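In: take this sequence and fold it.
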Amino acid sequence: MVPHLVTALTGPTNELEQRVLDSMPAIERWFRLEWMEHTPPFYSSVDIRNAGFKLAPVDTNLYPGGWNNLTPEMLPLAVQAAMAAIEKICPEAKNLLVIPENNTRSTFYLSNVLQLKRIFHMAGLNVRIGSISPDIKKPTQVTLPTGETIVLEPVVRSKRRLGLKDFDPCTILMNNDLSAGPPGILEDLHEQYLLPPLHAGWSVRRKSRHFKSYEEVAKRFGKMLGIDSWLINPLFNSCGQLDFNEAHGLDCLTTNVDALLAKIRKKYKEYGINEKPFVVVKADNGTHGMGIMTVRDVKDLADIGSRTKSRMAVDQDGRPVSEVIIQEGVLTAERINEAVAEPVVYMMDRYVVGGFYRVHAERGDDENLNAPGAHFVPLAFSESTRLPQPGQKPGASAPNRFYMYGVIGRLAMLAASYELEATDPEAEVYE
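Out: Next comes the predicted model:
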């Protein structure tokens, strides 16, 4: 099922699609050279918005869940990518320990963990699931909605290694974003590979830092392609030292929202876009779809309701939100059965392995779709949508559109690579 674009199939993204397809050899070479200099995150997923006049990432996740939304046809791609990733990091790897989120009650989330286990098992590894949740004190079997079962086991820490009672892994894969900070049990593991590294967790990561890196990547990519990088890059500002409950620092928010709306208006005018600009204010570290507010007019900030204030004041772990990113809002022009949709692209190592559409029937085209009530429709692989089809009319070919999503996803993944290099506590500094 390929969503239809509600915008007329003309305009900048079709020109962009044409430019991307015409430049495919140059693009693939550009990525190849980048990966010679930079290490891709072990795995990632990117939320993309296609406005018809702009195609841009709005969020990049370095601990992606939702692997269970990928279709069986996509599994071979994921398995091959997993083999390539493991081969680079630890070619002699035999045992892999997966550490999931502590939320053991969500069977939907655990279906994702089981899919990861399946991928790495097929890549040739013994895989077990080790929980760092204090609630898991003995091996615990959970039955999933499909009837399959998954066993969560308590981790065991020795002086230098982490494993299970009778299982010593050489590699540990985190599927837990560590938003509350890394627990001591994961620190000082010098003999094992921890993927992604601890500084990829939300206690260190900031969306504003990621999108600063993305801006740099988009400018260089745009220059290579001969396009305005705004067509693939959401503008942003950020604010710190906020307190929504006490209304501290809101003048910084007002000033930055006003400035960003003015910048977007100018761009809309330049491209003849007849839409009302908006910005999205988000907690600067991981949100799980929480702590998000859409602002269409700076005057709206003067009378934020108490419900919005309390929603913005704390993150998913109940900690106060004091830093926010103010991001250019990108409309989505994609619809599935008249419901608003956005693509999510999944990558492992430097490869695009699949994706799905996040669909929400009760949300508008300018709203966050990562919210209760969303459902997921796999990207259709009824034809070989992994390979682009040059010569097709712009906007008319699903494979070409999916190739475009893969390019944007990889640009965001490259930005994450820059970001992780900049925050690596063990990076070598050359004076």
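
In: tell me what residue 340 is bridged to.
Out: When assigned by DSSP bridges, residue 340 has beta-bridge partners residue 335, residue 360.

In: which SS class is residue 19?
Out: helix (DSSP: H, G, I helix; E, B strand; the rest coil).

In: typo on my end, it should be residue 411
Out: For residue 411, the reduced secondary structure class is helix; criterion used: three-state DSSP.

In: ok, it touching residue 217?
Out: Yes - taking contacts as C-beta atoms under 8 Å, residue 411 lies within contact range of residue 217: 5.3 Å. Yep, even glycine has a C-beta here, placed from its N, CA and C like the rest.

In: count the neighbours of residue 157 for me.
Out: By other C-beta atoms under 10 Å, the residues close to residue 157 number 16.

In: you'd agree residue 63 is in a helix?
Out: No - if the criterion is three-state DSSP, then residue 63 is coil and not within a helix.

In: distance of it relative to residue 137?
Out: Relative to residue 137, residue 63 is positioned 24 Å away (C-beta to C-beta, to the nearest Å).

In: who has more neighbours, those two?
Out: With neighbours defined as other C-beta under 10 Å, residue 63 and residue 137 compare such that residue 63 has more, 24 against 9.

In: who's in contact with that one?
Out: Contact partners of residue 63, counting by C-beta atoms under 8 Å, 6 or more residues apart in numbering, are 174-178, 196, 200-201.

In: mind checking pLDDT for it?
Out: Note on residue 63: pLDDT of 96.

In: residues in contact with stretch 157-169?
Out: Defining contact as C-beta under 8 Å, 6+ apart, one finds that stretch 157-169 is touched by 95-97, 126, 128, 130, 153-156, 172, 185-186, 188-192.

In: and the helices in the stretch 301-431 of the chain?
Out: 306-313, 398-423 (DSSP state H, counting those that start in this stretch).

In: quick one: closest of the ones you listed to residue 107.
Out: With C-beta to C-beta as the criterion, residue 107 lies closest to helix 306-313 of these, at 26.2 Å.

In: now the closest one: mean pLDDT?
Out: Here helix 306-313 scores 68 as its mean pLDDT.

In: now stretch 343-354
Out: In the prediction, stretch 343-354 has an average pLDDT of 92.

In: coming back round to it: most tightly packed of the helices of the stretch 301-431 of the chain?
Out: helix 398-423 (a mean of 22; mean count of other C-beta atoms under 10 Å).

In: so which elements touch that helix?
Out: Secondary structure elements in contact with helix 398-423, counted by 3 or more C-beta pairs under 8 Å, 6 or more residues apart in numbering; DSSP states H and E, are helix 12-22, helix 24-37, strand 43-50, strand 55-61, helix 207-225, strand 339-348, strand 351-360.

In: for those, which one sits closest to residue 71?
Out: Residue 71 lies closest to strand 351-360 among the helices and strands packed on helix 398-423, at 7.1 Å (C-beta to C-beta).

In: could you identify the buried members of the contacts of stretch 157-169?
Out: 95-97, 128, 130, 153-155, 172, 186, 192 (16 or more other C-beta atoms under 10 Å).

In: closest to residue 241 among those?
Out: Compare each of those with residue 241 using C-beta to C-beta and the shortest gap goes to residue 186, at 29.5 Å.

In: help me confirm that that closest one comes into contact with residue 194.
Out: Yes - proximity of residue 186 to residue 194 meets the contact threshold set by C-beta under 8 Å, at 6.8 Å.

In: what sits in contact with each of these two?
Out: Shared contacts of residue 186 and residue 194 (C-beta under 8 Å, 6+ apart): residue 174.

In: would you confirm that residue 53 contacts residue 272?
Out: No - the pair formed by residue 53 and residue 272 falls short of the contact definition of C-beta under 8 Å, at 9.1 Å.

In: ok so, going back, okay, the buried ones among the contacts of stretch 157-169 in JSON lines with secondary structure and distance to residue 78 next?
Out: Shown next, in JSON lines, are the buried ones among the contacts of stretch 157-169 (DSSP: H, G, I helix; E, B strand; the rest coil; distance: C-beta to C-beta, whole Å):
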{"residue": "95", "secondary structure": "strand", "distance to residue 78": "20"}
{"residue": "96", "secondary structure": "strand", "distance to residue 78": "14"}
{"residue": "97", "secondary structure": "strand", "distance to residue 78": "19"}
{"residue": "128", "secondary structure": "strand", "distance to residue 78": "19"}
{"residue": "130", "secondary structure": "strand", "distance to residue 78": "21"}
{"residue": "153", "secondary structure": "strand", "distance to residue 78": "24"}
{"residue": "154", "secondary structure": "strand", "distance to residue 78": "28"}
{"residue": "155", "secondary structure": "coil", "distance to residue 78": "25"}
{"residue": "172", "secondary structure": "strand", "distance to residue 78": "19"}
{"residue": "186", "secondary structure": "helix", "distance to residue 78": "25"}
{"residue": "192", "secondary structure": "coil", "distance to residue 78": "23"}
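
In: with pLDDT added, can I get those in JSON lines?
Out: Output for the buried ones among the contacts of stretch 157-169, formatted as JSON lines (pLDDT from 0 to 100):
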{"residue": "95", "pLDDT": "96"}
{"residue": "96", "pLDDT": "96"}
{"residue": "97", "pLDDT": "97"}
{"residue": "128", "pLDDT": "98"}
{"residue": "130", "pLDDT": "97"}
{"residue": "153", "pLDDT": "96"}
{"residue": "154", "pLDDT": "96"}
{"residue": "155", "pLDDT": "96"}
{"residue": "172", "pLDDT": "96"}
{"residue": "186", "pLDDT": "92"}
{"residue": "192", "pLDDT": "92"}
